[in-house]
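from the sequence below, what's the structure:
(2 chains)
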2 protein chains.
Amino acid sequence: MAHFSIEERDSKEMDVSRQSSQIYPEELPYVHKVGVPPRQNIFKEITATLKETFFPDDPLRQFKGQSGSKKFMLGLESIFPILEWGRDYNLTKFKGDLISGLTIASLSIPQGIGYAKLANLAPQYGLYSSFVPPLVYSVLGSSRDIAIGPVAVVSLLMGTMLRNQINPITNPVEYTQLAFTATFFAGVTQAILGFFRLGFLIDFLSHATIVGYMGGAAITIGLQQLKGFMGIVNFTPNSDIVSVMRSVFAAAPHGVGYIAKGINPSSANQIYFSGKYLVSGIQIGVVAGMIALTESIAIGRTFASVNDYQLDGNREMLALGVMNIAGSLTSCYVTTGSFSRSAVNFMAGCKTSVSNIVMSVIVLLVLEFITPVFMYTPSAVLSSIIISAVITLIDIEAAILIWKIDKVDFIACIGAFIGVVFDSVEIGLLIAVCISFAKILLQVTRPRTAILGNIPRTTVFRNIQQYPEATKVPGVLTVRVDSAIYFSNSNYVRERILRYLTDEEEQLKAKNQPRIQSLIIEMSPVVDIDTSGIHSLEDLHRSLKKRNIQLVIANPGTTVMEKLYTSKFTELIGYENIFLTVKDAMATCAPKMVEEA
Amino acid sequence: MAHFSIEERDSKEMDVSRQSSQIYPEELPYVHKVGVPPRQNIFKEITATLKETFFPDDPLRQFKGQSGSKKFMLGLESIFPILEWGRDYNLTKFKGDLISGLTIASLSIPQGIGYAKLANLAPQYGLYSSFVPPLVYSVLGSSRDIAIGPVAVVSLLMGTMLRNQINPITNPVEYTQLAFTATFFAGVTQAILGFFRLGFLIDFLSHATIVGYMGGAAITIGLQQLKGFMGIVNFTPNSDIVSVMRSVFAAAPHGVGYIAKGINPSSANQIYFSGKYLVSGIQIGVVAGMIALTESIAIGRTFASVNDYQLDGNREMLALGVMNIAGSLTSCYVTTGSFSRSAVNFMAGCKTSVSNIVMSVIVLLVLEFITPVFMYTPSAVLSSIIISAVITLIDIEAAILIWKIDKVDFIACIGAFIGVVFDSVEIGLLIAVCISFAKILLQVTRPRTAILGNIPRTTVFRNIQQYPEATKVPGVLTVRVDSAIYFSNSNYVRERILRYLTDEEEQLKAKNQPRIQSLIIEMSPVVDIDTSGIHSLEDLHRSLKKRNIQLVIANPGTTVMEKLYTSKFTELIGYENIFLTVKDAMATCAPKMVEEA
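Residues are numbered from 1 along each chain as shown, chains lettered A, B, ... in the order given. Model prediction:
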């Protein structure tokens, strides 16, 4: 078959444009043909793909067309956002930040002590972690509303995973050192993800996964706190529900520890940079770092959309990473943005991250002067604070909504929940991520297809199942494929279309109606096609030819059209059989029918 | 926000339908609203999904509405297709089958001997494998054109993988036993895939993967045959190119073996059902079984589409599986449909699988009477037969076409090629499958998006990059998302849309043109959405509200509309802001603009 030149195709277009028809309410004075997009340079194509993958937010946009010194200032500001908002800082803003800072401080002190307990660390580490990281974040972070400090979910995660390596009761020193090691690598993980702009990886933890994970974690936390609530010592090192329940009902009461006075001591020389705990420190750090990011980025995005400012997720990760590395060197464990305190911070009227500085100062005062007072906090009180806090993490309503919206999402959610409750955090997350991916693959392997009909009094063609009033045009079968056509589904798509055709022909035969003469494939949702897909279309064309049915394509997108053209499929079926809309295709296919019928 | 009842929504539709406008060439006498599909029963939904996944070809269709005895006959026929075509068999058909059977026999005898050599087996096993399996297939198989027997690719695969376990020169007996074991489990794998209707798994080996794999395998085969061609003994047990080249240039010549006389002896007691070779037998069998299926199913599909008959892939797999199990018990190694001989079979005018029976009879005669003659076939001649056969497997044109059509496909192809040439068949296939899946995931993680414009003199809106003549409507930004909106891309999609908006607003400001008042998302390609996706749309709506821009949805599909409705997103943005087409949406959005401008 000859290769069409652009001129030939243009003259063909003109021929087709004259084939207008009168069977539709609207005239077709002009049939616009499908554009064969200009072929892109391969280098440009790859650059564009890489840019969309790693720089979807165009972080260098603000530098465009600026002078050298301005570029330097903008660069500094992008590293230290405090320079940007600091210029416009005033007393009114400070008032808001002061009040909100005092408020979150009043929460963060008992919570810090409680969460340190969750992580099996001495209470002062919770306070240390509420002092240095918020200070670092206030200089580097770009969210205005986030409140930094230890959080329940990460503390539980650390507590569980660290305890699998070292017993915190018999070896408290090594345990604490491993905690700093994990914190260091959590920070490194976060900074690397941010620096290499791999932030999209945390998107793989879907909403359903997080809901399931939180619920499972909350139940495990709650049950574990029963030991404090009931006064139990020598608790189980396992976090699954059977071990926890067994321990809860087979243990004895104990008292409350002493809280060290003074600000954070250095812990730089306590991190395991070699030896047998290095690998487990890295493993725990990677998981804790990812989970911490998920929480912080989710909070950051929520408040950014409420207050309508943009948050650069990757820059934020870099800030959190540096913050946790700094924390690991100053006796802190993994910190991140707290859901509950950030909400309080926002409600109390915070304007900038100065509220975090205010909170830090309060924590400093507490550390310097009044920690001994906390020695008398009863263990049962702390436990009940934690239990009441974590119970709000069990979001049954969200789970019900997920069930209603998407059954597979719900399975992923329950998978995460059961995994966390009955085995461990990693297994729970792994189950959920696998289910989520399997769903994506299934969707690409068995895509939805639909038969289209004409919606009365319009020139629009839609799924006859969604619009029962839509009617099929005699002699024409219109099919829509709802997915890219790839190797994984190309055979299915071809067989599915042929089956539609066979069904339709049987029905028509039974009713003694005219036979199908054209098969229109509406390609709008077909965003891409590969070589297997094109082969499948060629096979389909061949089968249809045997049955004397014309294959017609409606609205192929840029990429698909380019590939159909390159593979000469457009020549095979004839460029005149490719249309911009189903309506245009119908205007050419249906008249024949009308003549013969 | 109140929950709309169906009646309320209906009355809203009526209101909207009156808001027609005159700014488009065509009148809008009637605005059709997007249907909220009737909610499906959960049981039905799951049944439908399972049916499409495992029974996409509706294999029980022919049994519908038949009497009991007829059903029994149809059942028998579906197990033994020979009963179906056997009824209409006549002398004319037999003539075609006889000629084509004689033709493929003349090919299969030298090829069988050569391929057995490839698999490091004694030559008679190639003839045995050309006798029993074709007979079994002719009774069970449903393809009319396929020619069964040993093939180059599978023989090479067996030879390579078996040799990694046992040295064929020092331990020929154990080696042959392991070959039968692998053949048995290849058959079991095929039968299981067919019986449980998991045939779609072989679709994961894409066209690009197969092209790369074949090229790599052909080069390895070709190089290995140099030993026979040049007369080399004690060849390397490794199949990578470095070892092969080293052996080719450092070895000595040898003579030709003896071929046993008589038909297939039983090998049932030679299969390792226990012991240390069981596991490797299963591993080799699974890989060889899958590869053999790919070749056979691809051939079967090609000829079925040429002759326009349907081939049930799963039933075909069951037939091939039973055939290989039978083969493993009668001294055959893995057989499948041969590309080259099937083509010859078809060209020579075969009508049914009786041509396979004719071929078997010829092979039987050869085995019984004239094998000693083949003793004098020079090794160099056999090697050159193989080399000239496998060279045709290197399909450079196909590789070039893949490069032109899809760069990632090409990387998968080259990955398979390099993997097979420099390491092993399994690694090559693994690389290609991983690249192919990564591509699917990337497409779902960073989906394409487009800004749409109105194509002049139509009411159609299309990608302004594909159709440079398309123009944007003042005050409205129309965006299309080219993928399901899932957890993996929901944040990206939201941020991408906001970035389009910011870009557009900057441009409008620079040109002093009216600002954007509505953002229309064309949802045609959005085939599904999950809870993360809906959250992202909610965030987007919130951001737009802050900027005083109305979010409008055009043409959500069945599933998406159902989920938007269940999650009350339709209430959030207002049901009146969801339209059937971009044109309808524009008719409502643009007039406001016209008044204000």
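
so where do the helices sit in the stretch 451-597 of chain A?
A:490-510, A:531-546, A:558-566, A:569-573, A:582-596 (DSSP state H, counting those that start in this stretch).

relative to A:Tyr89, which of those helices is closest?
Ranking these by proximity to A:Tyr89 (C-beta to C-beta) places helix A:558-566 first, at 47.6 Å. Just so you know, the C-beta spots here come from the backbone N, C-alpha and C atoms, and that holds for glycine as well.

can stretch A:340-349 be found next to chain B?
No: using C-beta under 8 Å from any C-beta of the partner chain, stretch A:340-349 never reaches chain B; the gap is at least 14.2 Å.

next, the buried residues of that stretch.
A:340-346, A:348 (16 or more other C-beta atoms under 10 Å in any protein chain shown).

in the stretch 51-200 of chain A, which spans are helices?
Going by DSSP H, counting those that start in this stretch, the stretch 51-200 of chain A shows helices at A:68-79, A:81-86, A:91-118, A:123-128, A:132-140, A:152-163, A:172-195.

turn the ones you listed into a markdown table, columns for mean pLDDT and mean neighbour count.
Output for those, formatted as a markdown table (pLDDT from 0 to 100; neighbours: other C-beta atoms under 10 Å in any protein chain shown):
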| stretch | mean pLDDT | mean neighbour count |
| --- | --- | --- |
| helix A:68-79 | 80 | 13 |
| helix A:81-86 | 82 | 16 |
| helix A:91-118 | 89 | 21 |
| helix A:123-128 | 91 | 26 |
| helix A:132-140 | 94 | 24 |
| helix A:152-163 | 86 | 26 |
| helix A:172-195 | 94 | 23 |
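
closest to chain B out of the ones you listed?
Among those, the nearest to chain B by C-beta to the nearest C-beta is helix A:172-195 (14.3 Å).

next SSE downstream of the closest one?
Next along the chain after helix A:172-195, taking DSSP states H and E as the criterion, comes helix A:207-230.

angle of that following helix against helix A:91-118?
70 degrees (axes from the mean of the first three to the mean of the last three C-alpha atoms, to 10 degrees).

right, is helix A:207-230 up against chain B?
Yes: contact of helix A:207-230 with chain B (C-beta under 8 Å from any C-beta) involves A:207-209.

re the thing from before, let's have the helices of the stretch 51-200 of chain A in CSV, adding distance to chain B.
Below are the helices of the stretch 51-200 of chain A laid out as CSV (distance: least, C-beta to the nearest C-beta, whole Å):
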stretch, distance to chain B
helix A:68-79, 17
helix A:81-86, 18
helix A:91-118, 19
helix A:123-128, 31
helix A:132-140, 21
helix A:152-163, 18
helix A:172-195, 14
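
can you pull the contacts of the residue positioned nearest the centre of chain A?
With distances taken as C-alpha atoms, centre = their mean, the residue of chain A nearest its centroid is A:Asp203 (2.4 Å). Residues counted as contacts of A:Asp203 (C-beta atoms under 8 Å, 6 or more residues apart in numbering or on different chains) are B:445, B:487-492.

again, only this time at 10 Å
A:294, A:297, A:313, B:445, B:486-492, B:532 (C-beta atoms under 10 Å, 6 or more residues apart in numbering or on different chains).

ramachandran coordinates for A:Gln466?
Main-chain torsions, A:Gln466, degrees, to the nearest 10: phi -80, psi -30.

and it, how far from A:Ile485?
Separation of A:Gln466 from A:Ile485 (C-beta to C-beta, to the nearest Å): 22 Å.

give me the more crowded residue out of the two.
A:Ile485 (26 against 20; other C-beta atoms under 10 Å in any protein chain shown).

the more buried one contacts A:Gly557, doesn't it?
No: with contact defined as C-beta atoms under 10 Å, A:Ile485 does not count as touching A:Gly557 (11.7 Å).

now stretch A:337-355: average pLDDT?
For stretch A:337-355, the mean per-residue pLDDT is 87.

and the end-to-end length of that stretch?
13 Å (C-alpha to C-alpha, to the nearest Å).

spit out the residues that contact A:Ile485 and A:Gly557 alike.
Jointly contacting A:Ile485 and A:Gly557 under the rule C-beta under 10 Å, 6+ apart are A:523, A:526-529.

which helix is the longest one in chain A?
Identified as the longest helix of chain A according to DSSP state H is helix A:277-306.

quick one: average confidence on it?
86.

buried set for whichever helix or strand comes after it?
Using DSSP H and E, the helix or strand that directly follows helix A:277-306 along the chain is helix A:313-329. Buried residues in helix A:313-329, defined by neighbour count with 16+ other C-beta under 10 Å: A:313-329.

and those residues near chain B, which?
A:Gly313 (C-beta under 10 Å from any C-beta of the partner chain).

give me the neighbour count for A:Thr559.
A:Thr559, neighbours per other C-beta under 10 Å, totals 18.

ah, wrong one, I meant A:Tyr89
14.

from B:Glu495, how far off is A:Thr336?
21 Å.

before we move on, what about A:Pro525?
23 Å.

gap between the longest helix of chain A and the chain center?
The chain centre lies 13 Å from the centre of helix A:277-306; the measure is C-alpha atoms, centre = their mean, to the nearest Å.

got the domain ranges for chain A?
A:6-36+A:446-596, A:92-229+A:258-399 (automatic domain parsing).

tell me which residues of stretch A:524-532 are tucked away?
Those would be A:524-532, for stretch A:524-532 by 16+ other C-beta under 10 Å.

need these in TSV with pLDDT and distance to chain B, can you?
Shown next, in TSV, are these (pLDDT from 0 to 100; distance: C-beta to the nearest C-beta, whole Å):
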residue	pLDDT	distance to chain B
A:Ser524	87	4
A:Pro525	87	4
A:Val526	90	8
A:Val527	85	4
A:Asp528	87	6
A:Ile529	90	8
A:Asp530	87	5
A:Thr531	86	5
A:Ser532	85	4
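
follow-up on the earlier one: among the shared contacts of A:Ile485 and A:Gly557, which are in strands?
Using DSSP state E, no member of those sits in strands.

and the furthest pair within those residues?
It's A:Met523 and A:Asp528 that sit farthest apart of those, by C-beta to C-beta, at 10.7 Å.

so what sits against both of those two?
Contacts common to A:Met523 and A:Asp528, judged by C-beta under 10 Å, 6+ apart, are A:485, A:557, A:560.

dump the residue contacts of the first one.
Going by C-beta under 10 Å, 6+ apart, A:Ile485 touches A:444, A:447, A:492-494, A:521, A:523, A:526-530, A:532-534, A:536-537, A:560.

again with the last one
With C-beta under 10 Å, 6+ apart as the criterion, the residues that contact A:Val560 are A:34, A:484-485, A:523-524, A:526-529, A:533-534, A:553, A:569.

from those, pick the one nearest A:Asn577.
Closest to A:Asn577, out of all of those and judged by C-beta to C-beta, is A:Ile553, at 6.6 Å.

shouldn't that closest one be in contact with A:Ser518?
No: using C-beta under 10 Å as the test, A:Ile553 is too far from A:Ser518 to be in contact (11.1 Å).

overlap in contacts, these two.
Common neighbours of A:Ile553 and A:Ser518 (C-beta under 10 Å, 6+ apart) are A:577, A:585.

how much space separates the closest residue to A:Phe195 other than its chain neighbours from A:Pro81?
Spatial nearest neighbour of A:Phe195, chain neighbours left out: A:Leu318 (5.7 Å); criterion: C-beta to C-beta, 6 or more residues apart in numbering or on different chains. A:Leu318 is 11 Å from A:Pro81, where distance means C-beta to C-beta.

repeat for A:Gly313
Applying C-beta to C-beta to A:Gly313 and A:Pro81 gives a distance of 14 Å.

same check, this time on A:Ser138
In terms of C-beta to C-beta, A:Ser138 sits 9 Å off from A:Pro81.

give the residues shared as contacts by those two.
A:352-353.

for the stretch 351-500 of chain A, which segments count as strands?
A:449-454, A:461-463, A:476-481 (DSSP state E, counting those that start in this stretch).
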